[in-house]
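Q: coordinates for the following, if possible.
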Amino acid sequence: MTEREQPPGKVDPTVPTVARMYDYFLGGKDNFPADREAAERILELSSRGGADVREVARANRGFLIRAVETAARAGVRQFLDIGTGLPTQDNVHQVAHRVIPDAKVVYSDNDPIVLVHARALLTDSPDTVIIDGDAHDPKSILAAAAHHLDFSQPVAVLAVALFHFFEGDEEVAGIVRALREPLVPGSHLIISHAYVEKGQSTPDRKIGTENIYRRTTSGALHWRDYDMVRTYFDGLELLEPGLVPVQNWRNDDPFIVPGMEKGGILGGVGRVL
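A: The predicted model follows:
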């Protein structure tokens, strides 16, 4: 491990994390050998089915960018990004500020390295803060975010590539309900989630992928079907084109990710009426 790769206190660099693996998929450098090894194993498994996880990661990032732009153009001036991950290009505050220069953004994560890097990035962004928050406890995140955001006004809440690291369907449904509870009309809920089509068996390569993620700090990856993910938007106005593969959500150049014809990542944006 080089001097540059020395972790901050309380970080075990031998245990991979989802945030650092995702950073590696996106071509970032904020990762350790254990993260790169786990990510390469994911890439190898996925390639057996003709898929490129790096392309999937880029597609998911593109969805986040377009969803934030859509909310900002609709007049939303406040954003809460839960499970933000490591900083990269076109972070939520950067995208929002291109549309609304004084938009307020709160990032929430509980990975120490994410917190360190994000705080360094945000030194010159007074309208943007990061809080130490565990997505398993959404009410605590909302309480901390309320010091910076006004929930009597519309807020866009993002849970992008987050819930598929939660095993229990009931827990995820409860988290979504908690996050939606304080949102006033005009607020937006932005979610992306790994999925497989209903009735499709889980290929061996996906089982292998789950086992690799199970050894990370976040635990296993859990695919859900379209119908389950769709319930997270019940009672909201689901913006066009609805709940679709992330690469096709309001993309001027939609495409199929090779090897992901019957699965991948779904993305959707719901507006509170």
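Q: any idea which helix or strand comes after the one helix or strand His97 maps to?
A: In this assignment (DSSP states H and E), His97 forms part of helix 92-99. Using DSSP H and E, the helix or strand that follows helix 92-99 towards the C-terminus is strand 104-109.
Q: tell me the buried residues in the next helix or strand after that following strand?
A: Helices and strands here follow DSSP H and E; after strand 104-109, the next one along the chain is helix 112-121. For helix 112-121, burial by neighbour count (16 or more other Cβ atoms under 10 Å) applies to Ile113, Val114, Leu115, Val116, His117, Ala118, Leu121. Where C-beta positions appear, they are placed from N, C-alpha and C, glycine not excepted.
Q: how far away is the fourth one from Asp30?
A: To Asp30, Val116 is 10 Å away according to Cβ to Cβ, to the nearest Å.
Q: low-confidence ranges in the stretch 1-150 of the chain?
A: By pLDDT under 70, the weakly predicted segments of the stretch 1-150 of the chain are 1-11, 47-51, 86-87.
Q: just the helices in the stretch 1-150 of the chain please.
A: Here the stretch 1-150 of the chain has its helices, by DSSP state H, counting those that start in this stretch, at 18-25, 33-47, 53-73, 92-99, 112-121, 138-145.
Q: looking at these, which is buried most?
A: Burial of these is given as mean neighbour count (mean count of other Cβ atoms under 10 Å); helix 18-25 ranks first at a mean of 24.
Q: list the contacts of that one.
A: Outside helix 18-25, the residues that touch it by Cβ atoms under 8 Å, 6 or more residues apart in numbering are 29-32, 35-36, 38-39, 42-43, 53-54, 56-57, 85-86, 88, 109, 111, 113-114, 161, 165, 213, 216-218.
Q: could you do stretch 148-159 as well?
A: 64, 67-68, 71-72, 75-83, 92, 104, 106, 129, 135, 142, 175-176, 179-180, 182-192, 272.
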